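Novice: sequence and computational prediction follow.
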Amino acid sequence: MKSTNIPYLYSRNGIFYYRNRNIWKSLRTGCKAEAFKKLCQFVSTGKTETAAKSLKDKSNLSEKITLSSNVRHIERHKTAELVKAYLLENSPRWCAREAVRVTNSLKFLPELLPQRDDAIELKKSLLEEKTPTTFNRYLKYFNAFYHWIMANYSAVSSVNPFDNLKIRLKKENISSKRNAYSAVQLKEVFKLAESYGKTDRRYWLIMIGRYTGARMNEICQLKPSDITADSIHIKGDILKTSNALRTIPTHPKLIELGILHWISCCDSSKRLFHEWRPVKGSFSHSASRWFSRNNPFKRNAVDYVDFYSLRHTVATELKQGGIPVQYAAQIMGHSNGSITYDRYGKSIEMAELRKAICAVGNKLP
């Protein structure tokens, strides 16, 4: 007697039988489909309640398995569809540059919505090519995306598969993350600028960064009307924070070098650095590539400095010059870290900031 996959249905010598404990009943057919049909008739007529209950249980189990499979399908529908909906809802509150970063990060997610095992495998694969710092940045975007999914899709599991995957990095002194320029290094970067001459945008990119401490992306958005003999207005379309919108006194050294003459020769309807076109929401993308390729200092060196190090240099000079932190914060485009100053304090008078900016470039070339 050979059992089939159907409860109480057995086969012997090619003939199907109904069997339930001590009850044996020949179904008088060798066709499985017909045997199953007759078996169902036994159940429907109530000849065997036990068989009926078993068949019903198996049917319910089959339905549960199918339903469970459908739920899994709902939970794991294509990630791209969810990403599209996520970006559509949230992109308006991001700057263009941040939107590009989020979009590029979410491209690493698997085709189907990840489960815990998928998240762990994704972490391993990313760490083969990316640094722990970069992975943690991606993870921030993954977590935000999945929290949005859990809040908007009830069928999705309430457990975030990316929880606790962050890599704990050794804490470093904030000021040691980037070096400021030394006097010798400043001479080298000045040589780089002077090799292009005062009519070239690359010369003025370096000089404006040297005497304002402005971010490269802020400088690359400057228009001729933003720079006068008295002040430089940082008011680009894409700024890092609300505090980045500011006015900096024009350093006397920039006037001495001839920045006003250069501006007068530029097209007033275009940005000063319009030749470097925005890439993926970043106005400084091309300028940054140019500086990186021509930087006279080796990337792996202990005393490595880049363009952003000019910003550190200006902050260091303001600090060494005894400039009050709120003055330095306004020049650098930072918050004061105090609700008294950030919320209630108004902008510092330009005359006071002009005195402060003169601390830049005094001791170093």
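Specialist: Structure received. Numbers count the residues shown, from 1 in each chain.
Novice: looking at this structure, which strand is longest?
Specialist: If you go by DSSP state E, the chain has its longest strand at strand 15-20.
Novice: if you count neighbours, what's buried in that strand?
Specialist: 16, 17, 18, 19 (16 or more other Cβ atoms under 10 Å). Any C-beta I mention is one placed from the backbone N, CA and C, and that applies to glycine too.
Novice: adding pLDDT and distance to residue 102, write those out as JSON lines.
Specialist: Output for the buried residues of strand 15-20, formatted as JSON lines (pLDDT from 0 to 100; distance: Cβ to Cβ, whole Å):
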{"residue": "16", "pLDDT": "78", "distance to residue 102": "62"}
{"residue": "17", "pLDDT": "78", "distance to residue 102": "65"}
{"residue": "18", "pLDDT": "75", "distance to residue 102": "63"}
{"residue": "19", "pLDDT": "74", "distance to residue 102": "63"}
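Novice: surely residue 268 and residue 224 touch.
Specialist: Yes - the pair residue 268 and residue 224 passes the contact test of Cβ atoms under 8 Å, sitting 4.9 Å apart.
Novice: the helix or strand residue 81 falls within packs against which elements?
Specialist: In this structure, residue 81 is located in helix 79-90 according to DSSP states H and E. Judged by 3 or more Cβ pairs under 8 Å, 6 or more residues apart in numbering; DSSP states H and E, helix 79-90 is in contact with helix 96-106, helix 132-152.
Novice: who's in contact with residue 217?
Specialist: For residue 217, the contacting residues are 97, 236, 238, 239, 240, 282, 283, 284, by Cβ atoms under 8 Å, 6 or more residues apart in numbering.
Novice: send me the helix holding residue 81 as CSV with only the CA atoms.
Specialist: The C-alpha trace of helix 79-90 is given here as CSV (Å, rounded to 0.1, in the frame of the first residue of the first chain):
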residue,chain,number,x,y,z
THR,A,79,13.0,48.2,-4.3
ALA,A,80,13.2,50.5,-7.3
GLU,A,81,9.5,51.2,-7.0
LEU,A,82,9.7,52.2,-3.4
VAL,A,83,12.8,54.3,-4.0
LYS,A,84,11.0,56.2,-6.7
ALA,A,85,8.1,56.9,-4.3
TYR,A,86,10.5,57.8,-1.5
LEU,A,87,12.4,60.3,-3.6
LEU,A,88,9.2,61.8,-5.0
GLU,A,89,8.0,62.6,-1.5
ASN,A,90,11.2,63.7,0.2
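Novice: report the buried residues of it.
Specialist: 79, 82, 83, 86, 87.
Novice: how deep is residue 118 tucked in, by neighbour count?
Specialist: A count of nearby residues for residue 118, using other Cβ atoms under 10 Å, gives 16.
Novice: that one contacts residue 111, correct?
Specialist: No - the pair residue 118 / residue 111 is not scored as a contact, 10.0 Å apart, by Cβ under 8 Å.
Novice: center of the chain - which residue?
Specialist: Taking Cα atoms, centre = their mean, the centroid of the chain lies closest to residue 102, which sits 3.9 Å from it.
Novice: that one - nearest residue in space that isn't next to it in sequence?
Specialist: residue 141 (5.2 Å; Cβ to Cβ, 6 or more residues apart in numbering).
Novice: what pLDDT does that neighbour get?
Specialist: The per-residue pLDDT reported for residue 141 equals 94.
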